[in-house]
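**Student:** Please work out how this folds:
(chains A, B, C and D)
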Protein chains: 4
Amino acid sequence: MSKDPLREGRLGEGRPPEVWSYLSSMEADRFIGDADIAVDIAHLLMLERQDIISKEAAGRIMDVLLELHKKGLPDSVFDEKFEDVHAGIEAFIIEKTGIDTGGRLHMGRSRNDEVATCARVRLRDDMITIMSAISEMRAVLIRKAEQNTESYMPGFTHLQHAQPTTLAHYLMNYEQALERDFERFGDVFLRVDLCPLGAAAFASTGYPIDREYTAELLGFSGVLENSMDCVSGRDVFIEVISACSILMTTLSRMCEELILWSSAFVNFVELADEYCSTSSIMPQKKNPDCAEIMRGKAGSALGALTASITIIKGLPMSYNRDMQDLWPHLWQTVEDAKASLKIISGMIDTASFNTERMNEEAGKGFSTATELADVMVREFGLSFRTAHGITGRAVRMKKIDIDTLEEAAKEMAGISLKGLGMTDEDVKRALDVAYSVNTRIATGGPAPAAVKAAISGKTAALKEDTEWITDMKIRNEEAFKKMIREAEELMG
Amino acid sequence: MSKDPLREGRLGEGRPPEVWSYLSSMEADRFIGDADIAVDIAHLLMLERQDIISKEAAGRIMDVLLELHKKGLPDSVFDEKFEDVHAGIEAFIIEKTGIDTGGRLHMGRSRNDEVATCARVRLRDDMITIMSAISEMRAVLIRKAEQNTESYMPGFTHLQHAQPTTLAHYLMNYEQALERDFERFGDVFLRVDLCPLGAAAFASTGYPIDREYTAELLGFSGVLENSMDCVSGRDVFIEVISACSILMTTLSRMCEELILWSSAFVNFVELADEYCSTSSIMPQKKNPDCAEIMRGKAGSALGALTASITIIKGLPMSYNRDMQDLWPHLWQTVEDAKASLKIISGMIDTASFNTERMNEEAGKGFSTATELADVMVREFGLSFRTAHGITGRAVRMKKIDIDTLEEAAKEMAGISLKGLGMTDEDVKRALDVAYSVNTRIATGGPAPAAVKAAISGKTAALKEDTEWITDMKIRNEEAFKKMIREAEELMG
Amino acid sequence: MSKDPLREGRLGEGRPPEVWSYLSSMEADRFIGDADIAVDIAHLLMLERQDIISKEAAGRIMDVLLELHKKGLPDSVFDEKFEDVHAGIEAFIIEKTGIDTGGRLHMGRSRNDEVATCARVRLRDDMITIMSAISEMRAVLIRKAEQNTESYMPGFTHLQHAQPTTLAHYLMNYEQALERDFERFGDVFLRVDLCPLGAAAFASTGYPIDREYTAELLGFSGVLENSMDCVSGRDVFIEVISACSILMTTLSRMCEELILWSSAFVNFVELADEYCSTSSIMPQKKNPDCAEIMRGKAGSALGALTASITIIKGLPMSYNRDMQDLWPHLWQTVEDAKASLKIISGMIDTASFNTERMNEEAGKGFSTATELADVMVREFGLSFRTAHGITGRAVRMKKIDIDTLEEAAKEMAGISLKGLGMTDEDVKRALDVAYSVNTRIATGGPAPAAVKAAISGKTAALKEDTEWITDMKIRNEEAFKKMIREAEELMG
Amino acid sequence: MSKDPLREGRLGEGRPPEVWSYLSSMEADRFIGDADIAVDIAHLLMLERQDIISKEAAGRIMDVLLELHKKGLPDSVFDEKFEDVHAGIEAFIIEKTGIDTGGRLHMGRSRNDEVATCARVRLRDDMITIMSAISEMRAVLIRKAEQNTESYMPGFTHLQHAQPTTLAHYLMNYEQALERDFERFGDVFLRVDLCPLGAAAFASTGYPIDREYTAELLGFSGVLENSMDCVSGRDVFIEVISACSILMTTLSRMCEELILWSSAFVNFVELADEYCSTSSIMPQKKNPDCAEIMRGKAGSALGALTASITIIKGLPMSYNRDMQDLWPHLWQTVEDAKASLKIISGMIDTASFNTERMNEEAGKGFSTATELADVMVREFGLSFRTAHGITGRAVRMKKIDIDTLEEAAKEMAGISLKGLGMTDEDVKRALDVAYSVNTRIATGGPAPAAVKAAISGKTAALKEDTEWITDMKIRNEEAFKKMIREAEELMG
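**Tutor:** The predicted structure follows:
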């Protein structure tokens, strides 16, 4: 049976089992098994083109690789008797082609650059998935916003009813935040999208390798240059975890609101059944479990970020085994981000917003009193402080109409609002939720006109972002197809 | 086939598969599957004794439970179609005994108190394992220290050679730190060792349950009182993670030193092969992989701590689903702590310390100059500042003997050391590493006599700690045996 | 003017100003300035008693120290031209007594053990303050609970109305959590309460010091033994930060509820004005700012914990300058914990709970349906599943009375509840909030009787804890008084 | 004397002092005091241009603002009797101009958008400083690398001697990492560089404000649109802290190496005195304190990141007071990053690398054995596995010359190397450190030619980055000058 070619030396003998599993990275390696085959193919094509390996030997190895590429990896390569999947795959190839042939694949590279390349190949795809999912979520938000530009609701500060706004404005707030999340992933994507293959252990190699060629085969935008940095730098992976953590933090806020809004107290939203759990005895009870789990996973993402930075901090050059412990944090966080985005998009998309309840609450708490004072300033020429003082006093009387205001105005400032032409109609209009919201037409404000303008602008931005993602996806697919073609050609 | 009894309601229909896996806690539940059977048995015994369930129905359920207890849980109960292992086991019982019988087990409790109890049952055992492993590690350190009370070596500050010490003193430093780790686990153990069963959803139950009885059956030292706290408090679990994180931090420091000491530059230690990896081409190369992984895992433990606190922060009463995301962090951290302790004990135990190299480095860098100055103060009556000034000047001349000192003394203070009776013998003696170390006899100092005293004291303390652990282990085992006996008796 | 005695060497010349401030610990040292004087006095008394310093020289230094003790530290000792306050104080003493006298105080110790001792002296007091404040908070909770054993309110899971409970039960939940916080601080207190003085740089000293004597003078329960551990161990400080972080996490949950309960939606509590902010235009608006800030500070405490563990992780023995960066995190967190406890105690104490609103919400959402089913089981002999099925069906009909139940019972199980003797009175009783709560008399349950028992038990426990704290406080004060007396006697 | 205009309401009366300081943000506000004046000026210019305030009133307020701009803020505005600096400044203005005039400045905005704008104005400058400092550091590294392309040294994996490389290659590794740090700050800069002013409390305002105009006056690249996102989004600030934390992590690795390399064991570098501390008795001792502190500060930066994310996680819309607790973490981290970059640049620039020692160590541990095997493959046609097997056997014999190799070759593979034409010259050449390094000419490899190419490429990239920074700096300065001019023109 195949053995780990790296464990044959004297060191491995008599290793206690707990050490095997302590050192093993197999669980995390499941994420990069497929990528490893792609990297092997690219490396082999290059070795052959550079005459480092004979065409014949290359062909025999390629045969096995293409088989693995088509059928997927057998369980045997993930056996814990290998330290990692790279060793598992190498053992498989050697078993199939013999040591003298299969042993040549590793020329001009080492596991250090191999794992770094595999991680980037896999991560590139994951990031595209994440960015697509963010775009989908943005589309959902925009769609829901379009339907609710005149759905008035209370805005909150300190969880207290503050000024009124609209559901559309609320949703577009999250759209704007998610646009930044998209940008953030797009930015780090450019740093992930560079190929470290050929860095070998850290000092590159004396073989006449062609790093630009392997980078191109794998669809990377270029080569990650300095070979020591290739194998020891982990900052881009940390940055991806950070981007996920920030994204999850934004989602956690939305989840918090979905939970609050689902409570019997607030009752602003009813989530679709499939995202909730219930109780067998109280069927009216719907627990917003998905939103809670997601809020919790924001904590786990932060834990992964903390772990990763702590692991890397203070490590000298170049490769240190500690780095292996970073991978599980990366893959778990990326999986959670992908799943969370899919679920929250569905949750929002299928949610039923109770706009009647929202509207009912929108005017509570004298939420439009600020607007009334502003009207006195703008339309009746009062000074800012005076207008606010008058309104404040009326609010304290718990009633606002032209009479209480007149009384307050006389008392405080010796002026007559009625004398200035103010009528009860003016007061009612100023206190009206819709009026109040509709005046707030500045860029980014809640007035329907302003929100519609925002929707239009954001729709265009989203279209651009979506196209970019599609381009990236196609680029990667094309590169892979081309590489497989070249691999097949090598076989003759 | 059995279905999740909790998923039969209308909510579950049409749930997308990603939601199932998002909500599932099955992976973490593998850690508490066995504990759950024990908790079921205890609960059932109590229900029967309190006449909440008939003896006959109880007997039929107990039959299944004892079977599961003996043969272990079948894979089916961990199927992802159940939300958690509790649902999986309940479905299994109902399948075997029918809904009318099997459905009664859940009377007077809920999954909220059930999971909290299972976690404590399991954690209690894990903590005993950890404390035993800490004790074993302390024993190894003491044993190695006993052999090295006169193995002189340099001490370091800022990674610079400072004053000389001994390997024994070094090792006992870690022993003392680990004694605190032991205490820390012992302290939180008392808080873990309380039984939340009977708290039900959070408001306890109207059934006439006997919480003291189930607590006793499960070997707990008592009942965790307030039923809301029972299901919503997570601070003791966080505290366990914190204790693990602090322990791992201490271990990470020892690992850092093993890595440094293994480098060709320092060469103070040779680790046993089984804890290292090698390179096929450079067989002299031994990479201290276990120590590196362990240093990395200290980062992961901190990540788990951060995640857990972040998850719980700001959650209102009582149960919220976010809490589920804490468990994987707890179990992973506990597993890592157990494995790490076992490995580092073995690593130290099998390490070969190069005391010759240590001794060689001990006197470098004028490390004993402080002692020489102190001798001038203590034996020749010089003032503190004068003595240190004289020695300092000699050090700057890069040579210390009675002549350079005499010259420095005359120049700086106009006094003659020779005139005071100081000889070259005195100087040599004062500069001697062994002499310098041997004078440091204050409590906790590096002098062999002081270290031997410490070893003796710490041996006694360790013995006491080990006995306590053994007592706890026996107590738990006895309680379980007794409970199984009662369960069998119920069956008649 | 006085200079930093440690900066006189060649290294300090020409240091750029940014380096001075980068290396300075002065800001954090403000927390240990007073402790440093105490440590100096203890050390000096010991030096004199052990004949390491002459009585005369000791007297002259003591003169300055007692002056500083009485009048407090002058600003000059905190000048940034000194690296730390120890250097600042030493320079002050040397300025007053001359280099030959003042320079002797530092014999047999180093800044490494000095700072570790000062931190423990200060921290001991801070921890007593924290434990006293926790006790005070517990007393407030118990007092409020006593007044509200029959104040019914809804309990929540997933922020959804669940079963009813009482405000007293709610408050006692927090009391129980805080009892654990108290224990936690008490546990780590024992590890803080050991004296590292005499460890010197890390290898103790050749001077015939008496570590037990200085420990006793400073009121410590004993000596922290191994001298390397004394200066390099930071785990107890991390543990204190961890205890603070866990405490703050518990407080953050209570704050979350105060914020929720203050919202217009819930309106369960009105916080006293002094803990809130308002808006000049909406005087009815009361923002629960203190609760929000406190919830935020739970995040800052976790940040401090993360920072501290990350700083210490992987540091080799013994002292490394990185450790200095831990102090600001420790002191800031301790200050925040002290302030938060004081404020939340006041906030709860002065809060006005709206028990009418609570009662109104208590029965909503068929919260007592579980109880009704249990009554059918207990009093009318139905099987568990049947009873729950019947109740569930009635709930779905949105109405529960004897007629709907009878209909459901016939349909589902072909039985007549009326035939079994059940009346509408029985139904109403079972659905009654007070009845439902009052049946939950198991240990720790919400029934008034159970809560009263808990209050009585917790009152006794609190009394014991408070006495212990008082004893510790007195012990420290007595030790200090005695030390000052000895210092004055030395002066003659 | 001036009072906090926001504290005049009934709520503030009788507030305990601990609450004042608990709620105060004054310490952090010192960072944004100057920015606040700029924001006030911009806002006032807009109010006047939009006829929201009369030219006369605007002029009177502008008079005060320009005075504050020129002379700096008086201490009084930072008095803790104000909740924050905005209140302090407003009180100052009202004191100078009267309530009716000064009270108008706040029309059309609130403290929520004001603080968000101030933070971005300040942060923009700080980020430019950081990016400039990164560029300076990169320039230092490139300069040092240029001088050391043929300074051979050992490379390390697992802190074990591995293959040889050069100091230039080593330094360029860090240059490449810092280039990414630069990019990262550049990316988030674009997200910081948007103006939230005009969002008011969160719902914008009914006043006819012109947000584009204020954004332009303050030199922002545009308006941050959605007004709710403006005041509640904190992700960009978290991202800045994350960028700082990642940067500090990279620096911590370099510091770790400076510390290691400064140790007597390694002795690869001598740091300049001004970055070190010493001991008065061992003048040869130079502790690398700055590098240690910096390594520690990487931990503090992570703590700040953790705190910030935890604070924001789960907060509902829109403004919550918790957010205030984020600022101190942001400013402290930014300050640490600025100081650290300046210090490490100086430290590297003034460091004296001991290239002789490096060269001496470069060939140790058969570090070039891999190269020898590769030569057998490339030049003498051996198969990969055979060549490595032969070399490995020779290494085990602890001696490598043509005779031991010949013996190994015969034994293992039955072939004669001599027969293939291999000579002792070939062996010596292959084992030569310089030869080995010089063959590694692939992109990013350590061969002098490859490193020179890298230096040339990176020099060009750095030039571009530096120009961008300069452009940004000039843009901001020009905008400010223009704004002040307009302000002065307003005064006529």
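
**Student:** In PDB, list the C-alpha atoms belonging to stretch A:289-309.
**Tutor:** Extracted as PDB, the C-alpha positions of stretch A:289-309 are listed here (Å, rounded to 0.1, in the frame of the first residue of the first chain):
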ATOM      1  CA  ASP A 289     -33.200  31.000  14.300                       C
ATOM      2  CA  CYS A 290     -31.300  31.700  11.100                       C
ATOM      3  CA  ALA A 291     -30.900  35.400  12.000                       C
ATOM      4  CA  GLU A 292     -29.700  34.400  15.500                       C
ATOM      5  CA  ILE A 293     -27.200  31.800  14.200                       C
ATOM      6  CA  MET A 294     -25.900  34.400  11.700                       C
ATOM      7  CA  ARG A 295     -25.500  37.000  14.500                       C
ATOM      8  CA  GLY A 296     -23.600  34.300  16.400                       C
ATOM      9  CA  LYS A 297     -21.400  33.500  13.400                       C
ATOM     10  CA  ALA A 298     -20.300  37.100  13.300                       C
ATOM     11  CA  GLY A 299     -18.600  36.300  16.600                       C
ATOM     12  CA  SER A 300     -17.000  33.200  15.100                       C
ATOM     13  CA  ALA A 301     -15.700  35.100  12.200                       C
ATOM     14  CA  LEU A 302     -14.100  37.600  14.600                       C
ATOM     15  CA  GLY A 303     -12.600  34.600  16.500                       C
ATOM     16  CA  ALA A 304     -11.100  33.400  13.300                       C
ATOM     17  CA  LEU A 305      -9.600  36.800  12.600                       C
ATOM     18  CA  THR A 306      -8.100  37.000  16.100                       C
ATOM     19  CA  ALA A 307      -6.700  33.600  15.900                       C
ATOM     20  CA  SER A 308      -5.100  34.200  12.500                       C
ATOM     21  CA  ILE A 309      -3.400  37.400  13.400                       C
END
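
**Student:** Give the buried residues for that stretch.
**Tutor:** A:289-309 (16 or more other CB atoms under 10 Å in any protein chain shown). Just so you know, the C-beta spots here come from the backbone N, C-alpha and C atoms, and that holds for glycine as well.

**Student:** so where do the helices sit in the stretch 101-250 of chain A?
**Tutor:** A:111-146, A:167-192, A:211-217, A:227-232, A:235-262 (DSSP state H, counting those that start in this stretch).

**Student:** just how off-centre is the last one within its chain?
**Tutor:** With CA atoms, centre = their mean, to the nearest Å as the basis, helix A:235-262 stands 8 Å off its chain's centre.

**Student:** And that helix, what does it pack against?
**Tutor:** helix A:111-146, helix A:167-192, strand A:269-270, helix A:289-312, helix A:326-350, helix D:167-192, helix D:235-262, helix D:289-312 (3 or more CB pairs under 8 Å, 6 or more residues apart in numbering or on different chains; DSSP states H and E).

**Student:** Serialize the ones you listed to a markdown table and add fields for mean pLDDT.
**Tutor:** Below are these laid out as a markdown table (pLDDT from 0 to 100):
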| stretch | mean pLDDT |
| --- | --- |
| helix A:111-146 | 97 |
| helix A:167-192 | 98 |
| strand A:269-270 | 96 |
| helix A:289-312 | 98 |
| helix A:326-350 | 98 |
| helix D:167-192 | 98 |
| helix D:235-262 | 98 |
| helix D:289-312 | 98 |
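
**Student:** export these to CSV and tack on distance to D:M228?
**Tutor:** CSV is the format used below for those (distance: least, CB to CB, whole Å):
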stretch, distance to D:M228
helix A:111-146, 12
helix A:167-192, 4
strand A:269-270, 17
helix A:289-312, 20
helix A:326-350, 16
helix D:167-192, 17
helix D:235-262, 14
helix D:289-312, 15
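
**Student:** hang on, A:D193 packs against A:R120?
**Tutor:** Yes: here A:D193 reaches A:R120: they are 7.4 Å apart, a contact under CB atoms under 8 Å.

**Student:** Compare these two (neighbour count), which wins?
**Tutor:** Higher neighbour count among A:D193 and A:R120: A:R120, with 24 against 21, using other CB atoms under 10 Å in any protein chain shown.

**Student:** who touches the more buried one in this structure?
**Tutor:** Each residue near A:R120 by CB atoms under 8 Å, 6 or more residues apart in numbering or on different chains is listed here: A:V192, A:D193, A:L194, A:C195, A:P196, A:F220.
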